[in-house]
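Asks: here is the input, now give the coordinates:
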Amino acid sequence: MRPLRLLAAEFPNLACEQLTATDKASSKPKKLHLKPSEGAADSHTEQPPLSPTSSQRLPTLPNNLTVAEERPAKRSHSSTSTHPHPTGDHETDEEVAFSPAYDALVENEPKGKMSEMSDDDFLSGGSDDDFMDESMDSDFEEEDGTQYLDDKDDKPQKKAYEVDFTVLTEGEIKKAQSDAIEESCAILALTPENAAVLLRHFKWNKDRMIEQYMDGSQKLLEEAGVDLTGSNKPELKTVPGFMCDICCEDEDGLQTFSLRCNHRYCADCYRHYLSQKIKEEGEAIRIQCPSDGCKVLVDPKSITMLAGVGVLSRYYELLNRTYVEDRENLRWCPAPNCEFVVDCPVSQKQLHEIVPTVFCTCGHHFCFGCGSNDHQPCPCGLVKKWLKKCEDDSETANWISANTKECPKCQSTIEKNGGCNHMTCRKCKHEFCWVCMGPWNEHGTSWYNCNRYEEKSGIDARDTQAKSRASLERYLHYYNRYANHEQSGKLDKDLYIKTEKKMTMLQSASGMSWIEVQYLDAASKVLQQCRQTLKWTYAFAFYLQRNHLTTIFEDNQKDLEMAVEALSELFEKPTDQLANIKVEMMDKTAYVSNRRVILLDTTAKGLQDGTWEFTVEF
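Replies: Model prediction:
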């Protein structure tokens, strides 16, 4: 509750009406009234306004709570008190009425001296009826500013469809590798070269590497391709009388090189071997000794010693790429010529319950799970099935099944090319009815008008065709809308390319500044984003089981689609009309963006809670 002293400071023009001894005689304490100081007069005695230094000015309190004009410094246990005159010139003894709550508080104080009490303590001593209601308390708290500060410090809550991620540079990737190698060297007492080979062998899982190294170091080193038994250190040197087994060169002063395995070759052959492995085959972490059957790996220090500048540059590039590929939480940005890496904690096991869309520093939005362009709200598994369905011949087979039938005798595929129901197979000459698939001779005189629709011989064929036709119609319903938004998105993208020109024209026509016409750029970006979302909502809906949740999803889908079309229509207005509809376009842009957030958030919550039911497993 707000301290009364603060309230008094806000009412400098208010004064308390003094209570007299006659008020105390009544069975109920007299209410405290606040009146303007100008012209204020008591019905019993006239009192001048209270000075700010002599008393606290109080607000109107509930009927059963009364206080004196000024709280005494000392007070006996009786209900009367010596009240000093506000002016300070003389003192008069007057009896002042106090509430029973106030009397109860002072009973527990040491005799002879009254302890200092705050206004909150004073009010807290009363009964439930003496308190102000909770709504007043909450109002005071809000006015005090404490609640506002708390809300201001709160961070915005993350949406259900959003994921945490960090964009890393190539330099940060190199530093992460160096830090891991240094930590491994300190723990296992290995050289940096051997520690790097072990870490790459375990795909940079440092904990698992240390655990297995402690269990059996020698066996682990052999599996990883590290040889610590050899006495020779990898180095370039000249060996008298040496002949290279690869090129058969044996001239004097020939530089040679060997790993700890002591398989020695001339330096030129080694350089050619490394160049072929690194530049042509794209290998970096599993380059073995050139000797047939030797599994010892060429360490980074040896490659640095032998390779040229171009080969080394490619080698370190491959090391970085391999590091990112080995780490489940890292992925290169798939945008052309982009060298940034995205770090996201979402694992492959979580892809059925979240669509981890991230955006790189270069501006490209993509799915961290599969590397494809943003496909929210459709999970990666459904995206893969949908794209395969669109690309293969499954729907061609559906069309054939829906528009053709098989001969009941030889099962040849037959397409009806006339209105007559009397069909004759060209292959086996079997005559049958197109409607019921039964033998034609059983129709009697009912030619061209089959009345045997429920005949058992044709039920299975009719059911198969009906199911195929229904399946095809359902697929085409979703595919046509998917393809429509894909095409509209491409057109909107082309329109976005022309947006800057349109913004320049609008500046010239309306006199707006470049900042003022940025609403066109914002609207164009929102349109592209929402087209992409709408496109994948139809792939998502295609695999949904029909239930009440599907209806809610389709309603959200419909709202977003209608809003997008309305904004797209505004965006295509002539340039001379765009200035007049600026506010309308900004409002619709905000509304469209909000509808997209609602659709994605509700869909993501359903995936996380497992409330969506699908027609396929993914």
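Asks: low-scoring stretches of the stretch 201-350 of the chain, by residue?
Replies: Regions of the stretch 201-350 of the chain meeting the criterion pLDDT under 70 cover residues 229-231.
Asks: that should have said the chain, apologies.
Replies: For the chain (pLDDT under 70), the answer is 1-156, 229-231, 393-402, 418-419, 443-462, 464-465, 492-493, 496.
Asks: and the strands in it?
Replies: 14-16, 34-36, 166-168, 235-238, 255-258, 265-266, 330-332, 341-343, 357-359, 365-367, 404-406, 413-415, 422-424, 431-433 (DSSP state E).
Asks: looking at those, spot the one closest to Gln577.
Replies: strand 365-367 (31.2 Å; Cβ to Cβ). Quick note: C-beta positions are derived from backbone N, CA and C, even for glycine.
Asks: what's next to that closest one, contact-wise?
Replies: Strand 365-367 is contacted from outside by 333-335, 355-360, 372-375, 380, using Cβ atoms under 8 Å, 6 or more residues apart in numbering.
Asks: in TSV, list these along with neighbour count and distance to Cys436.
Replies: Output for these, formatted as TSV (neighbours: other Cβ atoms under 10 Å; distance: Cβ to Cβ, whole Å):
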residue	neighbour count	distance to Cys436
Cys333	21	60
Pro334	14	55
Ala335	14	59
Val355	27	48
Pro356	24	53
Thr357	21	53
Val358	23	58
Phe359	14	59
Cys360	19	61
Ser372	13	48
Asn373	14	49
Asp374	16	50
His375	24	45
Cys380	21	46
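Asks: now the helices for the stretch 201-350 of the chain?
Replies: Secondary structure of the stretch 201-350 of the chain (DSSP state H, counting those that start in this stretch): helices located at 206-215, 217-224, 267-275, 300-306, 309-326.
Asks: including mean neighbour count, could the ones you listed go into TSV?
Replies: Formatted as TSV, the helices of the stretch 201-350 of the chain follow (neighbours: other Cβ atoms under 10 Å):
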stretch	mean neighbour count
helix 206-215	14
helix 217-224	15
helix 267-275	18
helix 300-306	18
helix 309-326	16
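Asks: now the ones you listed as TSV including distance to Met423?
Replies: Below are the helices of the stretch 201-350 of the chain laid out as TSV (distance: least, Cβ to Cβ, whole Å):
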stretch	distance to Met423
helix 206-215	68
helix 217-224	69
helix 267-275	70
helix 300-306	74
helix 309-326	59
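Asks: nearest to Arg426, of the ones you listed?
Replies: Taking the helices of the stretch 201-350 of the chain one by one with Cβ to Cβ, helix 309-326 is closest: 57.5 Å.
Asks: circling back: quick one: which of the helices of the stretch 201-350 of the chain is nearest Leu168?
Replies: Across the helices of the stretch 201-350 of the chain, closest to Leu168 is helix 309-326 (Cβ to Cβ), at 9.1 Å.
Asks: export the closest one as CSV, just CAs?
Replies: Taking Å, rounded to 0.1, in the frame of the first residue of the first chain, the C-alpha atoms of helix 309-326 are listed here in CSV:
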residue,chain,number,x,y,z
VAL,A,309,50.4,-22.4,-50.2
GLY,A,310,47.5,-23.4,-52.5
VAL,A,311,47.2,-26.9,-51.1
LEU,A,312,47.4,-25.7,-47.5
SER,A,313,44.7,-23.2,-48.1
ARG,A,314,42.4,-25.9,-49.4
TYR,A,315,43.4,-28.2,-46.6
TYR,A,316,42.4,-25.9,-43.8
GLU,A,317,39.2,-25.1,-45.7
LEU,A,318,38.4,-28.8,-45.7
LEU,A,319,39.3,-29.1,-42.0
ASN,A,320,36.8,-26.4,-41.2
ARG,A,321,34.1,-27.9,-43.3
THR,A,322,34.7,-31.3,-41.8
TYR,A,323,34.5,-29.9,-38.3
VAL,A,324,31.1,-28.3,-39.1
GLU,A,325,29.8,-31.5,-40.7
ASP,A,326,30.9,-33.6,-37.7
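Asks: against which helices or strands is it packed?
Replies: helix 170-188, helix 192-201, helix 267-275, helix 300-306, strand 330-332 (3 or more Cβ pairs under 8 Å, 6 or more residues apart in numbering; DSSP states H and E).
Asks: do you know which of these lies nearest Leu254?
Replies: Here helix 267-275 is closest among the helices and strands packed on helix 309-326 (Cβ to Cβ), at 8.0 Å.
Asks: distance check, Cys407 against Trp434.
Replies: 11 Å (Cβ to Cβ, to the nearest Å).
Asks: right, I mislabeled it, should have said His365
Replies: Distance from His365 to Trp434, by Cβ to Cβ: 52 Å.
Asks: who has more neighbours, the two?
Replies: Ranked by neighbour count (other Cβ atoms under 10 Å), His365 and Trp434 place Trp434 first, with 17 against 14.
Asks: residue contacts, the more buried one?
Replies: Counting by Cβ under 8 Å, 6+ apart, Trp434 has contacts Lys405, Lys416, Cys420, Asn421, His422, Met423, Cys450.
Asks: can I get those residues in CSV including neighbour count and distance to Asn594?
Replies: Formatted as CSV, the contacts of Trp434 follow (neighbours: other Cβ under 10 Å; distance: Cβ to Cβ, whole Å):
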residue, neighbour count, distance to Asn594
Lys405, 21, 51
Lys416, 12, 52
Cys420, 11, 58
Asn421, 18, 56
His422, 14, 61
Met423, 20, 58
Cys450, 19, 56
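Asks: going by distance to Lys429, which of these wins?
Replies: Closest to Lys429, out of all of the contacts of Trp434 and judged by Cβ to Cβ, is Met423, at 11.0 Å.
Asks: so that closest one sits against Cys436, correct?
Replies: No: counting by Cβ atoms under 8 Å, Met423 does not reach Cys436; the two are 11.1 Å apart.
Asks: who touches Ala195 in this structure?
Replies: Per Cβ under 8 Å, 6+ apart, neighbours of Ala195: Ile181, Ser184, Cys185, Leu188.
Asks: now for the nearest residue to it once chain neighbours are set aside, how many residues are close by?
Replies: The shortest distance from Ala195 to any non-neighbouring residue, by Cβ to Cβ, 6 or more residues apart in numbering, is to Ser184 (4.2 Å). A total of 23 residues lie near Ser184 under the criterion other Cβ under 10 Å.
Asks: what separates Ser184 from Val296, distance-wise?
Replies: From Ser184 to Val296 the distance is 19 Å (Cβ to Cβ).
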